[in-house]
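> Build the 3D model from these lines:
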Amino acid sequence: MILLGVDLGCPLVQALLSILVVGFLTVVSLLKFYAYISCGYFHDRVKMDGKTVIITGANGGIGKETAREIAKRGARVIMACRNLDTGKAARDEIVESTKNENVIIKKLDLSSRKSIREFAEDIIRTEPRLDVLIHNAGTGESKFKTTEDGLELTMATNHFGPFLLTHLLVVLTY
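Residues are numbered from 1 along each chain as shown. All right, here's what the predicted structure looks like:
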C-alpha cells in the first residue's frame, strides 16, 4: 500500500511507524503518570496549631473544602461569607467532621467597600494575629451589574474587593 508516496509495506517504514507509535504512547503515559503524582490532593499532614486563617467564600465549593482541611490541621478558621445562613450550615458541617470548634463565621461581601472596611476593622479589633489570608470568593456575571459603590460587580468582587481587604489588613495591623 502506498500513502503519500511512501510504501507502507516496506519493513523500514513499518519499523519507523512502530517506533513513532510506541514513542507517542510512552510520552502520553509518562505525562499521565506525572500528572497523577504531582497534581490533585495535597497529602502532607502539616499541622497549623496556633495559626489564624481567613478564607473568603468559605461557605461552599473549594472554599468550604479548604476551610475543612485547614480546620483538620488545627488552625483557627475564620470563614468570611456573604450569606451567613449557608455559612453557618457549612461551619456546623466542618466542626462536626473535624472536631475543631475554633471555626467562626464573619460577614463579608467583597462587592461592598463598606462591608470590607467593617470586616477589616472587626478582624483588627478582635484577632491578635493573622497568619494566612486565602482569597477564594469570586463571581462571574454574564450581564452587566453594578454594586452599591457604582462598580461593575465582577471586577468589584474578584479584583477590587480582595485588593482592598488585603491592603486594609496589612495597613491597619502595622
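> When you work out contacts or count neighbours from here on, use the C-alpha atoms and nothing else.
Will do.
> which intervals of this protein have sub-threshold pLDDT?
Filtered on pLDDT under 70, the chain yields the residue ranges 1, 3-5, 40-43, 172-174.
> what ranges do the helices span in it?
Applying DSSP state H to the chain gives helices spanning 11-38, 61-72, 84-98, 113-126, 153-155, 161-173.
> Can I get the ones you listed in a markdown table including mean neighbour count and distance to Val46?
What follows is the helices of the chain, written out as a markdown table (neighbours: other Cα atoms under 10 Å; distance: least, Cα to Cα, whole Å):
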| stretch | mean neighbour count | distance to Val46 |
| --- | --- | --- |
| helix 11-38 | 12 | 18 |
| helix 61-72 | 20 | 10 |
| helix 84-98 | 16 | 15 |
| helix 113-126 | 16 | 25 |
| helix 153-155 | 21 | 34 |
| helix 161-173 | 16 | 25 |
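> And the ones you listed: which comes nearest His135?
helix 161-173 (6.6 Å; Cα to Cα).
> contact partners of the closest one?
Leu110, Ser111, Ser112, Arg113, Ile116, Arg117, Ala120, Ile124, His135 (Cα atoms under 8 Å, 6 or more residues apart in numbering).
> and of the helices of the chain, who's closest to Gly50?
helix 61-72 (11.2 Å).
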